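>>> Quick check, what structure comes out for this input:
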Amino acid sequence: MNLPALTLPADVPVLTVLIDSTRSDDGRNGVVLDRWADLQRALVLDGVEEAPQDDIDAVTSALDRATWVHGPHGRILVAAGGQVLLDSILPEPVTTGEAVVSDRPHALALGYAADAAALYLVVESDRAGAHLTLHEASAAVGSKTLEDRDVDGDHDVLTKVRPSRELPRDRVNNRAEDSWERNAETVAAEVDQVMARDKPDLVLLTGDVRSTAYVEQALGTHAREALVDVPGGARAEGVNSRAFAAAVDEVITDFRMRRRQQVLDRFQQESGRDGAAVSGLDDVVAVLRRGQVSELVLDAGAFSTPHLRLSEHQLWIGDGPLQLGASQEDLSDLGVAEPRRVRADLALSRAVLDQSAGITLAEELDVPDGVAAVLRWDDAGTPAESAYTLSGDSGRAQPAAQEAAQEEPPSL
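Take a look at the predicted model:
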């Protein structure tokens, strides 16, 4: 899934922090600051001589503000130029916290943030209009609600009447039904505008049963595709807000699981037919060198399980997005004069960001080294169980594949 888009200051180090932000049983936030102090003592410097103190101070200030999220949870922060540029809540605490200073954000940590993220629009409808709120599921306190406004139609005959001599029931009731429908069309038009502008992942519709039916009927195609009916909410006061919030959380969690599973299903499908997917660190490095990766797929244990821990492997990199290899000789083959040896997770991070690939985290991914990739394309040069494993630079396999394709079959 797509990593968070960040606008970084030019030519400054970037601090990425992955931390368990669960408060102590008494609700105090001091335990989180203690964890942060431990991470500072173990700060990883990737090609940087020292960590900028203003970035450390900015993260400290952000962590000093409690999230007020109940129960266990984690947090991702990215700081540069003395400002926190990303502050995301993770629904589960991280098993291994870390702080890394590099010239780019730590993309594997951003993968956690992408997995937790969901942009959703709540539409609380009644017969006069609706209340719209746009939320970012993983945003830290202070930026969660991105939009909050009322939308009202201009049709005000909202109530049906009992029959009487003075008021023809059918006429008034028909006007009421027409008002509900026209007001719902106004709401639907606003929802469609939000869909076009902000592209939320989900539209959660709740409220008066008759009005929600009209709103759903009037929505455009994209909004209907993202629509989920969530009972229990209302525009008026007096609803059970906790029960409705729990229902929304359940919908968001289900969406996150489905989004993750779609990538894993694609990986399994492509792997099963020996297609656009590879697994294992060596093969993933090979396809990253060729710019083939659409989605890096990681076992969450690749951060913490000893035999999977990517940080315990080393790779070689240059300055370019395709300059990546398992040995110094690999980089020499690419013409890199001064290659650098770095942790595998940081090397993969750099390549994923530079190639605009996504990252998907899996709870249990039964592949070598806990790392795999779904590819943008595959050819004869793509590593596979039944094909040759790519070696050398990214320029050698492509001509070889083209020459093989041009060869005529032998005569019988």
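>>> Direction included, what does the helix or strand residue 124 falls within pair up with?
Assigning secondary structure by DSSP states H and E places residue 124 in strand 119-125. Here strand 119-125 is paired, per DSSP bridges, with strand 129-136 (antiparallel), strand 202-207 (parallel).
>>> what mean pLDDT does stretch 256-271 have?
The average pLDDT within stretch 256-271 is 93.
>>> what comes up buried for it?
The neighbour-count check on stretch 256-271 (16 or more other C-beta atoms under 10 Å) flags 256, 259-260, 263-264, 266-267, 270-271 as buried. Glycine gets a C-beta too; all of them are placed from N, C-alpha and C.
>>> Just the ones of these in helices?
256, 259-260, 263-264, 266-267, 270-271 (DSSP state H).
>>> Can I get those residues in CSV including distance to residue 285?
Below are these laid out as CSV (distance: C-beta to C-beta, whole Å):
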residue, distance to residue 285
256, 28
259, 26
260, 24
263, 20
264, 21
266, 21
267, 17
270, 18
271, 18
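>>> Identify, from the residues you listed, the entry nearest to residue 243.
residue 256 (20.8 Å; C-beta to C-beta).
>>> got the contact list for that closest one?
115-116, 118 (C-beta atoms under 8 Å, 6 or more residues apart in numbering).
>>> switch the cut-off to 10 Å
1, 91, 115-118, 137-138, 201 (C-beta atoms under 10 Å, 6 or more residues apart in numbering).
>>> try residue 41
residue 99.
>>> Wasn't residue 26 part of a helix?
No. Assigned with DSSP: H, G, I helix; E, B strand; the rest coil, residue 26 falls outside any helix and is coil.
>>> What is the neighbour count of it?
7 (other C-beta atoms under 10 Å).
>>> Start at 36, not 1
Noted, 36 is the first residue going forward, which turns the last one into residue 61.
>>> Let me know the distance separating it from residue 370.
Residue 61 sits 59 Å away from residue 370, taking C-beta to C-beta, to the nearest Å as the criterion.
>>> Check residue 321 too.
For residue 321 relative to residue 370 (C-beta to C-beta), the value is 18 Å.
>>> Those two: which has the busier surroundings?
With neighbours defined as other C-beta under 10 Å, residue 321 and residue 370 compare such that residue 321 has more, 26 against 11.
>>> wait, doesn't the more buried one sit right on residue 360?
Yes. In this structure residue 321 lies within contact range of residue 360 using C-beta atoms under 10 Å: 9.1 Å.
>>> and residue 333, that one's in a strand?
Yes. Residue 333 forms part of a strand when assessed by three-state DSSP.
>>> now the strands: where do they sit in the stretch 286-435 of the chain?
312-314, 328-334, 349-352, 359-360, 375-378, 393-397, 406-410 (DSSP state E, counting those that start in this stretch).
>>> where are the low-confidence patches of the protein?
62, 175-181, 189-211, 337-343, 420-447 (pLDDT under 70).
>>> all helices of it, in order?
Taking DSSP H as the criterion, the chain carries its helices at 65-76, 88-99, 142-151, 204-233, 244-253, 256-260, 276-307, 316-324, 363-368, 379-389, 429-441.
>>> Save those as CSV, and put in distance to residue 164 too.
Formatted as CSV, those follow (distance: least, C-beta to C-beta, whole Å):
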stretch, distance to residue 164
helix 65-76, 42
helix 88-99, 37
helix 142-151, 32
helix 204-233, 6
helix 244-253, 9
helix 256-260, 16
helix 276-307, 19
helix 316-324, 51
helix 363-368, 62
helix 379-389, 43
helix 429-441, 56
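>>> so which of those gets nearest residue 108?
That would be, of the helices of the chain and by C-beta to C-beta, helix 142-151, which comes in at 9.3 Å.
>>> so what does that closest one touch, helix or strand wise?
strand 49-55, strand 109-115, strand 118-125, strand 133-137, helix 276-307, strand 328-334, helix 379-389, strand 393-397 (3 or more C-beta pairs under 10 Å, 6 or more residues apart in numbering; DSSP states H and E).
>>> Switch these over to CSV; also include distance to residue 252.
Formatted as CSV, the helices and strands packed on helix 142-151 follow (distance: least, C-beta to C-beta, whole Å):
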stretch, distance to residue 252
strand 49-55, 45
strand 109-115, 40
strand 118-125, 35
strand 133-137, 50
helix 276-307, 21
strand 328-334, 36
helix 379-389, 42
strand 393-397, 35
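>>> Return the most buried member of those.
Stretch with highest mean neighbour count among the helices and strands packed on helix 142-151: strand 109-115 (a mean of 26; mean count of other C-beta atoms under 10 Å).
>>> Give the other helices and strands that that strand contacts.
strand 49-55, helix 65-76, helix 88-99, strand 118-125, strand 133-137, helix 142-151.
>>> Residue 51 and residue 384 touch, don't they?
Yes. Using C-beta under 10 Å, residue 51 makes contact with residue 384 at a distance of 8.9 Å.
>>> between these two, what contacts are shared?
With C-beta under 10 Å, 6+ apart as the test, residue 51 and residue 384 both reach 81, 135, 137, 139-145.
>>> ok, and the most crowded of those residues?
Counting by other C-beta under 10 Å, top hit in the shared contacts of residue 51 and residue 384: residue 144 with 29 neighbours.
>>> For the nearest residue to residue 221 once chain neighbours are set aside, grab the count of nearby residues.
Leaving out its chain neighbours, the residue that sits closest to residue 221 by C-beta to C-beta, 6 or more residues apart in numbering is residue 188, at 4.2 Å. Neighbourhood size, residue 188 [other C-beta under 10 Å]: 20.
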